[in-house]
Every structure is written in structure tokens, then in C-alpha cells.
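> Whatever this is, show me its structure:
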Amino acid sequence: MSYRLRPATAADAQEMFETQVGAFGVEEGTLRWGASRSYCFERTEQHVVMVDESDRVVGLLHIHDHPIQVGTCFVRKADVGHVGIRPELQGLGVGTQMMRETVAWLGEQGYHLSRLGGLVHFYSRFGYEPFPRRFVQIDLQSVRGGGRHIPGTELYSDPGEWPGQVRAYDESRDYAERARLRWEFDHGRSGALVVARECDAPTHPAPPDTEALCWVYEREGQVLGFLHAVESPLESTERETVFTISEMVYADAFPDAAGALVRMLLSRICDRGQVRVTSRLPWDEAVAEALQLAGVAHSRLEMFQAVASNMILVIDLASTLEAISPELNRRVADSLVADWSGAVELSFPMRGKCRIDDPTQVTAGDALPGEACQLVIAGGEVTVDAGPGPVDLQIELTQAQFVKALFGIAALTELPCMRGMRLSPTERGVLDALFPRTKTGSGPWG
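Next up is the predicted model:
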């Protein structure tokens, strides 16, 4: 039997759903059953499917197109999920064929990066490498103050007094201001999704809902902040209720907006027993100070997983660098080393090779060939050259290290691959200009 990969169509929805619930043993009527049905029937066009000779769906995966900012530019990331193969075909190589063809297809579609979550020993065969996740988390548990424990209901039941007011979000009235705030908060923030400054008026705006966890913060008639949170039943347990802040943006000059909105959320949920709030807020010092000034204790969590992990793949190094070359030009032109001339080579010796001593490993060997590319700097301009040639600085790094530098999670000169390199002050300045540590979004890449 032969199989081939193709984009999903509306006619595939039922077979996709059957494949999905069968692959993961999802019970009818559960939350996961409903979520799988929604994805297969309502987001059919976001899937690719593996079909047999009779065009029957035997495997599928969901691909979400994420344009992610790198300063003033952006790269395209394919977020891969819901990978499933019909139970009777599992273990026969169909999933391996589907993933290999998917990676090739992503390159043909012009994607620069891909992210997924799963077992390292399986997905590393297709070039993926472990990559960290980041969360900002609030636990509404008691804290020890002096000689007693102060419960969360005492800490957060009162949202507090603020210069402005928190009110229910009114879509017909607030949609444009929400878009403006989102753009101002995230525009140019590497690692964050591309955002639009303006948006179309909603066709059927939802009326304000005082029961929803969705508010704006307003001062003197001006909307300065927005927050939307939801309960996360798939993450909650019998002992703990989990809420997720799906979006929070505010005007930088008004940190009270962030404090008031989060305090309003906590006051609404603090009496729900053991409660935890998760979010993908950026690891931004201004955000941290705004929450701390509001009396909101929180933790920054960075997860470095191993056997099962968030994973990243650089599909094409050269095209990724081409996509951000205008931003690299701007950085070098604005730096103290704008008059430096030379070539910097970045290379991946391998992509996605499992550790040989990993006890969970089922397949060894390089998943994808290595890749090298040069950034040629002359006259304050940066050009990308994928061909061989003389270089002044040669840097070998992993895909994960490159993406950390790409999104400004860490400066290139901070990474382990730079240890032992003897750089002159000028050379260090060049690398810091190209790939500095920056304010970084925390959601789309993890």
C-alpha cells in the first residue's frame, strides 16, 4: 500500500475526526472529543492529511501559520500539532513517512521555522530539537506573613482602588482601542506574533458580559488596558482550578492598567479553592514591576524538557536570514561598529540527531543535513550569502541556540557555542549588534 500527503478538504472532515479520536483513544462526550471534532470540522483547511491509494485519510496533522516578529521584520513559523495515525497503521512507518513529507512540504510553502511538542526520540528524526517554554504564573495560595499564613481570599478578594476604572469589555465600543493597545504593546517585539494596528469593525459585536473574565481599564475616557482570561478545564484537576490569561495588553506609561486588570481577575477567582493562573506574558521587566507594585506575587517559569519536549526546527537557514536582513541592516547601521567589513558564518553541523546514549531512542542518525550561511557586512549593509567563501568569524551552533538569538531570548555572545572563542572588542560588538538580547514575546515559540 502506498500513501501520499496532501492538503485537507471539507470532504475529509469526518475521516479526519475518526482518525484523530482513534489515534489517541479519545472517549466520546469528553472535552478532548469535543475539541478534536471542532478542529477537524471547523478548521479543516488548516490540516494536511496522509491518504492511501483509495484517498482514504489514514493520518493527519494540524498546521497553524504564525508570522513571528524579529524587530521590524517577521519569519513564518508552522505550528504543528494533533499529529495522528489510524491505530491499525501505527508502528508501520506511516507516521514517519507523513512527518518526512510534511517537513519537505513546509519548505516548499515558504516556512522558515516549525514548532511542535512531542517525544524527542521520534521527532528528532525529522530535524526538530528541544526548545524551552516560558510562562508567567500566579498561585492563589496562602503566603506566610510574620507568624501566620495569609490565604489568597484575603490577599486578593479586594481589587483595590485605582486612578481609573475597570469595566466589562464592550466589543462594539472597544474593538479599535484593543487593536491599538495590542499593536503598541507588541509591535517590534521579537518573538511575538505580528499584530495589526487597526482592525475591521465586528459584524455582530458581542454585548458586554459582566460574568466574563474580560475587561478594559479606562481613565478619563481613554482605554489604557485590556485583559481576557478563561478557565482551562483540560489543565484543571480535582484539586486545582487553572485559569489562563489569553491576552493582556496595556499602555506602557500606565502600569496601573496592568495592576488593576490582574487584581480584578484575582478578586473574581480567589474563592475557587486552590487556583493557579497561567499566562504567556512576555518576560518584560516593566510587566514584572507593574504586577509587583499591584501586590501580585508571580513566578517566571522556563521549562527545559528532555524526553517529551517543546521542539523547534529551522527549515531553511538562508531564507530565514534573508527574511530578517532589513532588521539586521538597521541594527548594524545604528551600532558603533557600522564601519566594520567582513563575513560571519553561521552553521548547523547537524539538525535533529538523538543522543546515542538516550534510553528512549528508537532511531539514530542525522535527521536533516547541516547547513551554513554567511552574513556579509560591508559599508554598513548586511547581505546573505549561502555559498562558500572566506569568513572572518565562524560560528557553529544548534538550531535551538540560533532561534534563541533570532528572537532575542539571549544575545548570540551569551550562548554556549561562543565559549572559548577569542573575540576582539570590535568582533564582539558586531555579533551583539546583529543578535542582541531584546524584549521578547513568550507565547508563539513555546
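
> For the rest of this, base every contact and every neighbour count on C-alpha atoms.
Will do.

> Output stretch 292-312 in PDB with nothing but the alpha carbons.
This file holds the C-alpha atoms of stretch 292-312, laid out as PDB (Å, rounded to 0.1, in the frame of the first residue of the first chain):
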ATOM      1  CA  GLN A 292       4.600  43.600  41.900                       C
ATOM      2  CA  LEU A 293       3.500  47.200  42.500                       C
ATOM      3  CA  ALA A 294      -0.100  45.900  42.400                       C
ATOM      4  CA  GLY A 295       0.800  43.400  45.100                       C
ATOM      5  CA  VAL A 296       0.600  40.400  42.800                       C
ATOM      6  CA  ALA A 297       3.200  37.700  43.500                       C
ATOM      7  CA  HIS A 298       4.100  35.800  40.400                       C
ATOM      8  CA  SER A 299       6.700  33.400  39.100                       C
ATOM      9  CA  ARG A 300       8.600  33.200  35.800                       C
ATOM     10  CA  LEU A 301       8.900  29.600  34.700                       C
ATOM     11  CA  GLU A 302      11.200  28.400  32.000                       C
ATOM     12  CA  MET A 303      10.800  24.700  31.100                       C
ATOM     13  CA  PHE A 304      13.700  22.800  29.600                       C
ATOM     14  CA  GLN A 305      12.200  19.400  28.900                       C
ATOM     15  CA  ALA A 306      14.000  16.300  27.600                       C
ATOM     16  CA  VAL A 307      12.200  13.000  26.800                       C
ATOM     17  CA  ALA A 308       9.000  14.800  25.900                       C
ATOM     18  CA  SER A 309       9.500  18.500  24.900                       C
ATOM     19  CA  ASN A 310       8.600  21.600  23.000                       C
ATOM     20  CA  MET A 311      10.700  21.400  19.900                       C
ATOM     21  CA  ILE A 312      11.900  23.700  17.100                       C
END
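
> Touching that stretch from outside, list them.
The contact list for stretch 292-312 (Cα atoms under 8 Å, 6 or more residues apart in numbering) reads 113-121, 128-139, 256, 259-260, 262-263, 283, 291, 360, 399-400, 446.

> How far does it sit from its chain's centre?
Distance, stretch centre to chain centre, for stretch 292-312: 13 Å (Cα atoms, centre = their mean, to the nearest Å).

> Can you read off the pLDDT for residue 155?
Predicted confidence (pLDDT) at residue 155: the value is 89.

> Next, it: secondary structure please.
Three-state call for residue 155 (DSSP: H, G, I helix; E, B strand; the rest coil): helix.

> any low-confidence regions in this protein?
Counting by pLDDT under 70, the chain contains low-confidence ranges at 353-367.

> Can you pull the domain assignment for it?
Domains of the chain are assigned by automatic domain parsing as 4-111, 135-303, 317-434.

> Take those and write them to TSV, including distance to residue 311.
TSV is the format used below for these (distance: least, Cα to Cα, whole Å):
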stretch	distance to residue 311
domain 4-111	10
domain 135-303	12
domain 317-434	9
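
> Can I get the ones you listed in JSON lines including mean neighbour count and distance to residue 309?
As requested, the domains of the chain are arranged in JSON lines below (neighbours: other Cα atoms under 10 Å; distance: least, Cα to Cα, whole Å):
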{"stretch": "domain 4-111", "mean neighbour count": "18", "distance to residue 309": "13"}
{"stretch": "domain 135-303", "mean neighbour count": "17", "distance to residue 309": "9"}
{"stretch": "domain 317-434", "mean neighbour count": "17", "distance to residue 309": "12"}
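
> Residue 442: which of those is closest?
For these, distance to residue 442 was read as Cα to Cα. The smallest value, 5.0 Å, belongs to domain 135-303.

> Give me the distance between the two termini of the closest one.
This stretch, domain 135-303, spans 8 Å end to end (Cα to Cα, to the nearest Å).

> just how off-centre is that domain within its chain?
Taking Cα atoms, centre = their mean, the mean C-alpha location of domain 135-303 is offset from the chain mean by 19 Å.

> hey, where'd the helices end up in the stretch 251-400 of the chain?
Using DSSP state H, counting those that start in this stretch, the helices of the stretch 251-400 of the chain run over 255-269, 285-293, 317-323, 325-333, 399-406.

> Any chance of those in a markdown table with distance to residue 369 as columns?
Compiled in a markdown table, the helices of the stretch 251-400 of the chain are given as follows (distance: least, Cα to Cα, whole Å):
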| stretch | distance to residue 369 |
| --- | --- |
| helix 255-269 | 46 |
| helix 285-293 | 39 |
| helix 317-323 | 12 |
| helix 325-333 | 24 |
| helix 399-406 | 12 |
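
> For residue 60, which of these is the nearest?
helix 399-406 (25.9 Å).

> So which elements touch that closest one?
strand 129-130, strand 308-314 (3 or more Cα pairs under 8 Å, 6 or more residues apart in numbering; DSSP states H and E).

> Would you mind saying which of these lies nearest residue 98?
Taking Cα to Cα, strand 308-314 is the member of the helices and strands packed on helix 399-406 nearest to residue 98, at 16.2 Å.

> Just the buried positions in that closest one, please.
Residues of strand 308-314 classed as buried: 309, 310, 311, 312, 313, 314 (neighbour count, 16 or more other Cα atoms under 10 Å).

> can you list these in TSV and add distance to residue 216?
Formatted as TSV, those follow (distance: Cα to Cα, whole Å):
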residue	distance to residue 216
309	35
310	33
311	35
312	35
313	38
314	38
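
> my guess is residue 254 meets residue 223, correct?
No. The pair residue 254 / residue 223 is not scored as a contact, 10.6 Å apart, by Cα atoms under 8 Å.
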